[in-house]
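K.L.:
predicted coordinates and the sequence they were generated for:
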Amino acid sequence: MPHERIRDLCREFKLPAIAEGYQALADEAARSSRSYSDFLLSLLQKEAAQRAARSKEMMLRTAAFPVVKTLEAFDEKVTSIDRTLLSELATLAFIDRKENILLLGPSGVGKTHLAIALGYLATQKRIRTRFITVADLLLQLESAKQTNQLELYFKRVINANKLLILDEFGYIKLNEEQANLFFQIVNKRYETGSIIITSNLPFTQWKEVLNHDEALTAAILDRLIHHSHILNIQGESYRLMQKRKAGVL
């Protein structure tokens, strides 16, 4: 039967959207006396739309966000932030230019929210993105080094993604080996891919996290800041504000 043969060929050529929707589109084309070219175009458009949707879903899944956050849900009224710069960053042009974003400020003011929101926008543009906390990153790096798979980890995780989001820098102090591994990440990404880093510490205190190594800290900051957008976010903690509204505090 022609219908069965069409479905078989669609499966062979990996065209699931056409296999699923060609009959309805063919019926509609017959009723409206559409040309063969218009019918073929509608089939290809349906396949392209479904492939784009699947690609976005895969990008979102592999990004490994703990939750999905959006810029629309970010309450700019409770924090001081450069809205013009935020609107510019939302275009994602910084990724094409391989620039970094450094989100600095106290706990609870929305640094992680903004980082995830920008990462989510990137996944919806089908840009390979990876989110990871610095604590988890160091655990994975140390594990990879112990099993002689460090270069493979750099290739598959650090270098494979156009946007790398490192959350919560400054919450744990790094030993000498960890600080050197962190430098390797920044060095490998320098002018080759974008990094978003969130931190509760000003740059003057990064040395305390990086094993009090002044030379290493200077080298890291030099590479991060060279092509970067720095957002110093100030305001009341969202979490404390919500508890106050609920009467807990």
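P.N.:
Perfect, I can see it now.
K.L.:
could you pull up the residues touching R223?
P.N.:
V186, N187, Y190 (C-beta atoms under 8 Å, 6 or more residues apart in numbering). All C-beta spots, glycine's among them, are computed from the backbone N, C-alpha and C.
K.L.:
am I right that it sits in a helix?
P.N.:
Yes: counting by DSSP: H, G, I helix; E, B strand; the rest coil, one finds R223 located in a helix.
K.L.:
test for you: state the pLDDT assigned to it.
P.N.:
R223 carries a pLDDT value of 97.
K.L.:
same deal with E176?
P.N.:
Turning to E176, the model gives it a pLDDT of 97.
K.L.:
now do the contacts for it.
P.N.:
By C-beta under 8 Å, 6+ apart, the residues touching E176 are N211, D213.
K.L.:
can you do 10 Å?
P.N.:
Contact partners of E176, counting by C-beta atoms under 10 Å, 6 or more residues apart in numbering, are L210, N211, H212, D213, L216.
K.L.:
weed out the non-buried ones from those residues.
P.N.:
Using 16 or more other C-beta atoms under 10 Å as the burial test, those include L210, N211, D213, L216 as buried.
K.L.:
doesn't F182 make contact with the last one?
P.N.:
Yes: using C-beta atoms under 10 Å, L216 makes contact with F182 at a distance of 8.6 Å.
K.L.:
need the residues touching each of these two.
P.N.:
L174, L210.
K.L.:
number of nearby residues for K188?
P.N.:
Using other C-beta atoms under 10 Å, K188 has 15 other residues around it.
K.L.:
please read the previous query as pertaining to D222.
P.N.:
As a burial measure, D222 scores 11 neighbours (other C-beta under 10 Å).
K.L.:
where do the strands sit along this structure?
P.N.:
For the chain, the strands defined by DSSP state E occupy 79-80, 100-104, 129-133, 163-169, 194-199, 228-232, 234-235.
K.L.:
lowest average confidence across these, which one?
P.N.:
Comparing mean pLDDT across those, the weakest is strand 79-80, with a mean of 70.
K.L.:
from R126, how far off is L137?
P.N.:
Applying C-beta to C-beta, to the nearest Å, the value for L137 to R126 is 24 Å.
K.L.:
looking at those two, which one has more neighbours?
P.N.:
For L137 versus R126, neighbours defined as other C-beta under 10 Å are more numerous around L137 (23 against 13).
K.L.:
mind picking the two most distant members of the contacts of E176?
P.N.:
Farthest apart among the contacts of E176 by C-beta to C-beta are H212 and L216. That separation is 9.4 Å.
K.L.:
between these two, what contacts are shared?
P.N.:
E176, A179.
K.L.:
determine the longest helix present in this protein.
P.N.:
Longest helix in the chain by number of residues (criterion: DSSP state H): helix 36-63.
K.L.:
got a pLDDT number for the residue nearest the centre of the chain?
P.N.:
When C-alpha atoms, centre = their mean is applied to the chain, the residue found nearest the centroid is G119 (3.0 Å). pLDDT, G119: 98.
K.L.:
ok so, going back, mind putting the strands of the chain into JSON lines with distance to S33 and mean neighbour count?
P.N.:
Listed next are those as JSON lines, based on distance: least, C-beta to C-beta, whole Å; neighbours: other C-beta atoms under 10 Å:
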{"stretch": "strand 79-80", "distance to S33": "58", "mean neighbour count": "16"}
{"stretch": "strand 100-104", "distance to S33": "53", "mean neighbour count": "22"}
{"stretch": "strand 129-133", "distance to S33": "46", "mean neighbour count": "21"}
{"stretch": "strand 163-169", "distance to S33": "48", "mean neighbour count": "23"}
{"stretch": "strand 194-199", "distance to S33": "51", "mean neighbour count": "24"}
{"stretch": "strand 228-232", "distance to S33": "54", "mean neighbour count": "16"}
{"stretch": "strand 234-235", "distance to S33": "61", "mean neighbour count": "14"}
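K.L.:
any chance of those in a markdown table, plus distance to I220?
P.N.:
Output for the strands of the chain, formatted as a markdown table (distance: least, C-beta to C-beta, whole Å):
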| stretch | distance to I220 |
| --- | --- |
| strand 79-80 | 26 |
| strand 100-104 | 11 |
| strand 129-133 | 17 |
| strand 163-169 | 10 |
| strand 194-199 | 10 |
| strand 228-232 | 12 |
| strand 234-235 | 24 |
